[in-house]
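Undergrad: Give me the fold of what follows.
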Amino acid sequence: MKLLLIISALFLIFSCSPSQKEENTNLRTPQVTLEKTDSVVVKDILATVFLFQGKIDNRFIFRDLASSEVYVFDEKGTFLNQWNKEGDVPGKFSMSSGNFHFDREGRAVVLDIMHGLKVLELDGDVVQDFNIYQNQVSLAGGFSLFDSEQLMEKNGQEYLLYSLDIIEEYDGEYNPEFLKERKNLLLTNLKTNETEKLISFPEDSQFRNGQVFYFRDFRPIFHYDQKQEKLYLMFQGENILYTYDWSGDQPQLVESKDLQLEGFERAEGFEPGSIQLGKFSDFKKRPFPSSILNLTTYGPNLLISYAGTPQDKSAIARVVNGEASNETMTKLRNETPAGIMLLRPDGELIPVDFPPMHYGSFKVIGDDIYWMKKPNPEEEAEEFTVYWGKLRIE
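TA: Next comes the predicted model:
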């Protein structure tokens, strides 16, 4: 009898029609991995926060984000040049600056939230030295290779697109009406410093629901696709992807898509007047908030990096009440959902298997993804490795 059952099972397996086999194959979730193509090692570095900034004509540019020190190496890792913009000098910037971007002439563009927008040659010579658009009240963002600004072209002019990282002076109350009218992006002409405010909260955004929010919740994360003339935008505390057509002078919203990110919990608002104006966040009041970390295009796809919220609500409640032990905090950190997702044009959302990365971040340059090897925290690093590679979808 047992032999008969085995024979019957084998018959069912091998008698599946070709169409049934094909259907089962199509149900398999694609695997997306990052395959290394090459790397470069730079040595004898004495820097506090040493991060790769970009590659221009086979020159690799780094900077110490804890200062204004800039380093240039060739493609073999040979040191070429080093300079800084510390002190009261033209083109000065500080540790409050974002990562470098590079214009079509190969010059470095840096936005400093204290000193303004700078355009610099790769030897440090100053091309443009603009003052800050507005004084800052809230500061946002940690150390990362992710691009928090973007260079773009419209009508033959180059612009820097970046988020309005302040709570601007306002003669009314910080309330839902303030958020409804607020515009969240800035666009600055690299030649004239003319700056325009763009993008209010879409009508279906939670930030127009009558509550108020911490600054970090509604900080925009975005990417402009130059070829398609589309702007992709998310807000840090909301898992909705907004797509804008920017073929004209102003971006026009064409689609809103709710993304199912495992462990992501949308930011909860507060009653008007109950939180401090411009406060970035409050870990004691709302620990382990979910965050959209980065949004960029890779070919026809989007790459979305995020961190979710641990599911142990009783442990989170102990954090809020000031009763959490060090062991509880470590457990929650280890259980925080996080990931990098690839969003295909057909709407399929696929997790990407990335290697360990310095500050958990990467940079897309052309067809390649660049990242830094994660240093050993128990050793003082004096050499750093930059890898680059491509995504493989199978």
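
Undergrad: Settle this for me: residue 117 is touching residue 109, isn't it.
TA: Yes: counting by CB atoms under 8 Å, residue 117 does reach residue 109; the two are 7.3 Å apart. From N, CA and C alone the C-beta is placed, and that goes for glycine too.

Undergrad: Spit out the residues that contact those two alike.
TA: Counting by CB atoms under 8 Å, 6 or more residues apart in numbering, the contacts common to residue 117 and residue 109 are 160, 190.

Undergrad: more crowded one of these two?
TA: Legend: neighbour count by other CB atoms under 10 Å for residue 117 and residue 109, higher for residue 117 (24 against 21).

Undergrad: Ignoring the adjacent residues along the chain, who's closest to that one?
TA: residue 130 (4.3 Å; CB to CB, 6 or more residues apart in numbering).

Undergrad: what pLDDT, on average, does stretch 229-245 get?
TA: The average of the pLDDT scores along stretch 229-245 is 97.

Undergrad: Next: stretch 184-191.
TA: 95.

Undergrad: Just the buried residues of it, please?
TA: 184, 185, 186, 187, 188, 189, 190 (16 or more other CB atoms under 10 Å).

Undergrad: what about stretch 52-60, how long is it end to end?
TA: 8 Å (CA to CA, to the nearest Å).

Undergrad: Surely residue 372 and residue 53 touch.
TA: No: taking contacts as CB under 8 Å, residue 372 lies outside contact range of residue 53: 11.0 Å.

Undergrad: Doesn't residue 70 belong to a strand?
TA: Yes: under DSSP: H, G, I helix; E, B strand; the rest coil, residue 70 falls within a strand.

Undergrad: thinking again about what came up before, distance of the residue nearest to residue 117 relative to residue 147?
TA: 20 Å (CB to CB, to the nearest Å).

Undergrad: More neighbours: which of the two?
TA: residue 147 (22 against 19).

Undergrad: and the gap between the closest residue to residue 213 other than its chain neighbours and residue 209?
TA: Sequence neighbours aside, residue 269 is the residue nearest to residue 213 in space, at 5.2 Å (criterion: CB to CB, 6+ apart). Using CB to CB, one gets 6 Å for the distance from residue 269 to residue 209.

Undergrad: Thought residue 223 was touching residue 230, still the case?
TA: No: using CB under 8 Å, residue 230 is not in contact with residue 223; the gap is 9.1 Å.

Undergrad: more neighbours, these two?
TA: Legend: neighbour count by other CB under 10 Å for residue 230 and residue 223, higher for residue 223 (21 against 18).

Undergrad: which other residues reach the helix or strand containing that one?
TA: Per DSSP states H and E: residue 223 is located in strand 220-225. Under the contact criterion CB under 8 Å, 6+ apart, strand 220-225 has outside partners 150, 152, 161, 163, 184-185, 199, 230-236, 246, 292-297, 302.

Undergrad: Over to stretch 103-117?
TA: Here stretch 103-117 makes contact (CB under 8 Å, 6+ apart) with 53, 56-57, 61, 70, 92-94, 96-98, 100-102, 118-122, 127-133, 136, 139, 149, 151, 153, 158, 160, 162, 165, 188, 190, 193.

Undergrad: May I see the buried residues of that stretch?
TA: 103, 107, 108, 109, 110, 111, 112, 113, 115, 116, 117.

Undergrad: Now do residue 372, the pLDDT please.
TA: For residue 372, the pLDDT comes out at 96.

Undergrad: So what's the residue count around it?
TA: Residue 372: 21 neighbours (other CB under 10 Å).

Undergrad: ok, for it, nearest residue in space, not its chain neighbours?
TA: In space, residue 372 is closest to residue 358, 3.7 Å off (CB to CB, 6+ apart).

Undergrad: cool, residue 332 as well?
TA: The nearest residue in space to residue 332 (CB to CB, 6+ apart) is residue 310, at 4.7 Å.

Undergrad: And for residue 355?
TA: residue 34 (6.6 Å).

Undergrad: partner residues bridging that neighbour?
TA: For residue 34, the beta-bridge partners are residue 391 (DSSP bridges).

Undergrad: Same question for residue 41.
TA: Where residue 41 sits in a bridge, its partners, by DSSP bridges, are residue 385.

Undergrad: isn't it right up against residue 76?
TA: No: here residue 41 does not reach residue 76: they are 9.2 Å apart, not a contact under CB under 8 Å.

Undergrad: All the helices of the stretch 101-250 of the chain, residue numbers only.
TA: 176-181 (DSSP state H, counting those that start in this stretch).

Undergrad: next one: the stretch 251-394 of the chain
TA: Per DSSP H, counting those that start in this stretch, the stretch 251-394 of the chain carries helices over the ranges 313-320, 326-334.

Undergrad: Comparing these, which comes out most buried?
TA: helix 313-320 (a mean of 14; mean count of other CB atoms under 10 Å).

Undergrad: do you know how far the residue lying closest to residue 350 once chain neighbours are set aside is from residue 292?
TA: Excluding its sequence neighbours, the residue lying closest to residue 350 (CB to CB, 6+ apart) is residue 342, at 4.7 Å. Remark: distance between residue 342 and residue 292 (CB to CB) = 15 Å.

Undergrad: How much space separates the nearest residue to residue 364 once chain neighbours are set aside from residue 87?
TA: Excluding the flanking residues, the one nearest residue 364 by CB to CB, 6+ apart is residue 296, at 5.2 Å. Residue 296 sits 34 Å away from residue 87, taking CB to CB as the criterion.
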